[in-house]
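Just a sequence and a predicted model for now, questions to come.
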Amino acid sequence: MERQTIVLLLTFMTSLYTFKTTAELNLPSGIKQEAYCSGCKATVEALAQAGNYVQRSAKKICTEKYLPDRGNPHMDKADRKSCKHLFGLYDQDISNKFDSLSKTDFSVWLCHEKSYACMGVFSGKDKKKTSTSEFDDEAIRKLIEENKHRIKTPHPDLYKDEL
């Protein structure tokens with residue numbers, strides 16, 4: 001009974017967090033989340049380039065001077081629209097946080113924690129190029145054998161190695 005209660009509570013908390021995240025993600029019209037994330041990161045770069053906050057306004061930051069063309073007019077338009085949207089929603093928060101955080105911390109704060117622009121978006125940087133043919137039964141047995149010392153079991157004396 002106690003275990004079922006814990007599982008139910010965890011399920012509820014997970015769904016509540018998912019609902020909260022989904023509810024607070026406010027995308028600009030006509031922009032997908034991946035483009036919004038990219039625009040958010042471009043906005044952070046533009047803010048870092050802009051200097052002191054007196055110069056950092058949506059009218060200046062969200063222009064070609066700070067958001068340079070990336071060679072794709074659709075992406076450039078999405079970056080500018082995302083930038084204006086972020087400033088429209090979080091201008092006061094941006095001004096309060098920018099000077100107190102490093103560029104990396106500010107990017108995480110704005111794009112992940114505040115706007116949820118990049119929440120759940122895969123960047124593609126960590127993508128490994130592996131084919132499924134690399135992992136046949138023999139390769140898996142070899143990996144298990146090579147990493148046997150890393151495999152942990154709750155009660156090793158109760159389990160018998162069958163490989």
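Done, it's in.

State the distance from Ser107 to Thr11.
32 Å (CB to CB, to the nearest Å). All C-beta atoms are positioned from the backbone trio N, CA, C, and that covers glycine.

which of the two has more neighbours?
Ser107 (19 against 10; other CB atoms under 10 Å).

any idea which element the closest residue to Ala58 other than its chain neighbours lies in?
Taking CB to CB, 6 or more residues apart in numbering, and ignoring the residues beside it in sequence, Ala58 has Phe87 as its nearest neighbour in space, at 3.5 Å. For Phe87, the host element (DSSP states H and E) is helix 73-97.

what's that helix packed up against?
helix 33-50, helix 58-61 (3 or more CB pairs under 8 Å, 6 or more residues apart in numbering; DSSP states H and E).

same thing but at 6 Å, please
Counting by 3 or more CB pairs under 6 Å, 6 or more residues apart in numbering; DSSP states H and E, the packing neighbours recorded for helix 73-97 are helix 33-50.

Quick one: neighbours of Leu86, just the number.
For Leu86, using other CB under 10 Å, the count is 28.

What residue, apart from its backbone neighbours, is nearest it spatially?
Nearest in space to Leu86, with sequence neighbours left out and distances taken as CB to CB, 6+ apart, is Thr43 at 5.6 Å.

what does the model give the one you found for pLDDT?
What the model reports as pLDDT for Thr43 is 90.

pretty sure it contacts Cys83?
Yes: the criterion here is CB atoms under 6 Å, and Thr43 meets it with Cys83 at 4.5 Å.

That's all I had, so thanks and see you.
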